[in-house]
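[1] generate coordinates for the sequence data below:
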Amino acid sequence: MPRQSRLDAPGTLHHVIGRGIEKIKIFKSDDDRNDFINRLRGLVREESIIVYAWALMSNHYHLLVRTGKQPLSNSMRRLLTGYVVNFNRRYNRCGHLFQNRYKSIICEDDPYLLELTRYIHLNPLRAGIVKSLSELKRYRWSGHGVITGNTENNWQNVDTVLLYFGKRKKEAIRSYVDFVKDGIDQGQRPELTGGGLLRSAGGWSQVVSLRKKGAQIAGDERILGSSDFVEKLLAEADEKTRQSMRLRKEVPGLDKAASRIAEMQVIEKAELISGSRKKEVVKGRKLFCQVMVKKFGYSGAEVARYLGITTSAVNRLASAYEFPEEGSIIS
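    Numbers count the residues shown, from 1 in each chain. Here you go, the predicted model:
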């Protein structure tokens, strides 16, 4: 079965999970962990994501994040690609580090922002890395201690979580700690991670069972939330697809678009695919990638084949800057 496309939009809450290929360690030292965290901090500072909870284990990581100014896929590509390059350089290795693509599950804020914050932050305790909640407060490689005030960072969003527990910070922290303590005996919660197929309404088997009884329950492996929440997201995704299909019918082919952009930049169309580094050509190539990928929905691979460059290069150029809003770029 082909994998489903990711669901995303500004303001969407995601539980992100990434694992080492063949269960190898992706964090071998504090240098590794600091490299990962510094990259995460950079994404927060430029408002690409908001981070509520996180935990770095030896062979995997968990993040609870909200999409900001750029799609989650862009943020994760920057985070992971840069990390892998440095990791491979540090350990004189080559090749893949992560198992397949990361998992990203859209979550309904209530109640899953709190449930996942607790679940993610209890990972080091469940794994035996720390032996108690007291040790967990001082554990540097998860966000629990940041919320309790025992460790510091200036990029994790603490206030959103604590406001669920009260307006006075000290009382809110105590209530939060009690909430986390109550989750210790719950152990592994497959309905929150799903072994890679996180399901709605308490798990896919529950959805199927309810449907057999005649209940109209919506479920999707990419979403954790109520049936209404799932239906709303899927309807929005369907509408976005329909709009994209309508738009594609109005879009000229790549060749015609290249001619138009070359005319705008006062260059020859052939220069776009020549590899030329002239300022006007580079600008035209960026604009071509930006328009065709972001505005008209062409895949990076389609544009890459036309230009004779790699898909990753197209995606990088497409995200380099925004195309002009005013007027019609391609008529």
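[2] make it CA atoms for all contacts and neighbour counts henceforth
    Will do.
[3] residue boundaries of the strands in the stretch 51-200 of the chain?
    Taking DSSP state E, counting those that start in this stretch as the criterion, the stretch 51-200 of the chain carries its strands at 60-67, 103-107.
[4] and Ser274, which of these is closest to it?
    strand 60-67 (36.4 Å; C-alpha to C-alpha).
[5] can I get the strands of the stretch 51-200 of the chain in TSV including mean pLDDT, mean neighbour count and distance to Ser259?
    Formatted as TSV, the strands of the stretch 51-200 of the chain follow (pLDDT from 0 to 100; neighbours: other C-alpha atoms under 10 Å; distance: least, C-alpha to C-alpha, whole Å):
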stretch	mean pLDDT	mean neighbour count	distance to Ser259
strand 60-67	94	22	35
strand 103-107	84	25	38
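[6] closest to Arg316 out of those?
    Nearest to Arg316, of all the strands of the stretch 51-200 of the chain, is strand 60-67, at 18.7 Å by C-alpha to C-alpha.
[7] can you map out the helices along the stretch 1-150 of the chain?
    Here the stretch 1-150 of the chain has its helices, by DSSP state H, counting those that start in this stretch, at 30-45, 72-90, 109-121, 123-126, 133-138, 144-148.
[8] could I get these in JSON lines, plus columns for mean neighbour count?
    What follows is the helices of the stretch 1-150 of the chain, written out as JSON lines (neighbours: other C-alpha atoms under 10 Å):
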{"stretch": "helix 30-45", "mean neighbour count": "17"}
{"stretch": "helix 72-90", "mean neighbour count": "16"}
{"stretch": "helix 109-121", "mean neighbour count": "19"}
{"stretch": "helix 123-126", "mean neighbour count": "19"}
{"stretch": "helix 133-138", "mean neighbour count": "17"}
{"stretch": "helix 144-148", "mean neighbour count": "23"}
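[9] can you flag the weakest of the ones you listed by average pLDDT?
    Across the helices of the stretch 1-150 of the chain, helix 109-121 has the smallest mean pLDDT, namely a mean of 89.
[10] and it, what does it pack against?
    strand 13-19, strand 49-56, strand 60-67 (3 or more C-alpha pairs under 8 Å, 6 or more residues apart in numbering; DSSP states H and E).
[11] one more pass at 6 Å, please.
    Helix 109-121 makes packing contacts with no helix or strand when contacts are defined by 3 or more C-alpha pairs under 6 Å, 6 or more residues apart in numbering; DSSP states H and E.
[12] can you give the domain ranges for the chain?
    13-194, 199-247, 251-318 (automatic domain parsing).
[13] distance of Met76 from Lys103?
    For Met76, the distance to Lys103 equals 11 Å [C-alpha to C-alpha, to the nearest Å].
[14] ok, back up a step: right, and the strands of the stretch 51-200 of the chain - which one's nearest Glu302?
    With C-alpha to C-alpha as the criterion, Glu302 lies closest to strand 103-107 of the strands of the stretch 51-200 of the chain, at 24.9 Å.
[15] ok, that closest one: who's next to it in the sheet?
    Applying DSSP bridges to the sheet, strand 103-107 is found paired with strand 13-19 (antiparallel), strand 223-224 (parallel).
[16] can you tell me the distance between the two ends of stretch 117-129?
    18 Å.
[17] tell me which residue is most central in this protein.
    The residue lying closest to the centre of the chain (C-alpha atoms, centre = their mean) is Leu72, at 3.5 Å.
[18] doesn't Ala313 make contact with Gly300?
    No. Counting by C-alpha atoms under 6 Å, Ala313 is not a contact partner of Gly300; they are 8.7 Å apart.
[19] quick check: neighbours shared by those two?
    By C-alpha atoms under 6 Å, 6 or more residues apart in numbering, Gly300 and Ala313 have no common neighbours.
[20] please identify which of the two sits among more neighbours.
    More neighbours surround Gly300 than the other of Gly300 and Ala313, with 22 against 14 (other C-alpha atoms under 10 Å).
[21] identify the residues contacting the more buried one.
    Neighbour list for Gly300: Thr311, Val314, Asn315 [criterion: C-alpha under 6 Å, 6+ apart].
[22] among the strands paired with strand 103-107, which comes closest to Val130?
    With C-alpha to C-alpha as the criterion, Val130 lies closest to strand 13-19 of the strands paired with strand 103-107, at 20.3 Å.
[23] please work out which residues outside that closest one touch it.
    Contact partners of strand 13-19, identified using C-alpha under 6 Å, 6+ apart, comprise 59-66, 98-99, 102-107.
[24] the residue nearest to Glu263 when sequence neighbours are not counted - how many residues pack around it?
    Counting by C-alpha to C-alpha, 6 or more residues apart in numbering, Glu263 lies nearest to Lys269, which is 7.8 Å off, once chain neighbours are set aside. For Lys269, the neighbour count with other C-alpha under 10 Å is 20.
[25] pLDDT score assigned to Lys269?
    Here, the pLDDT recorded for Lys269 equals 87.
[26] quick one, phi/psi of it?
    Per-residue torsions, Lys269: phi -60, psi -40 (degrees, to the nearest 10).
[27] how about the contacts made by Glu268?
    Ala262.
[28] try it again with 10 Å
    Ala258, Ser259, Ile261, Ala262, Val281 (C-alpha atoms under 10 Å, 6 or more residues apart in numbering).
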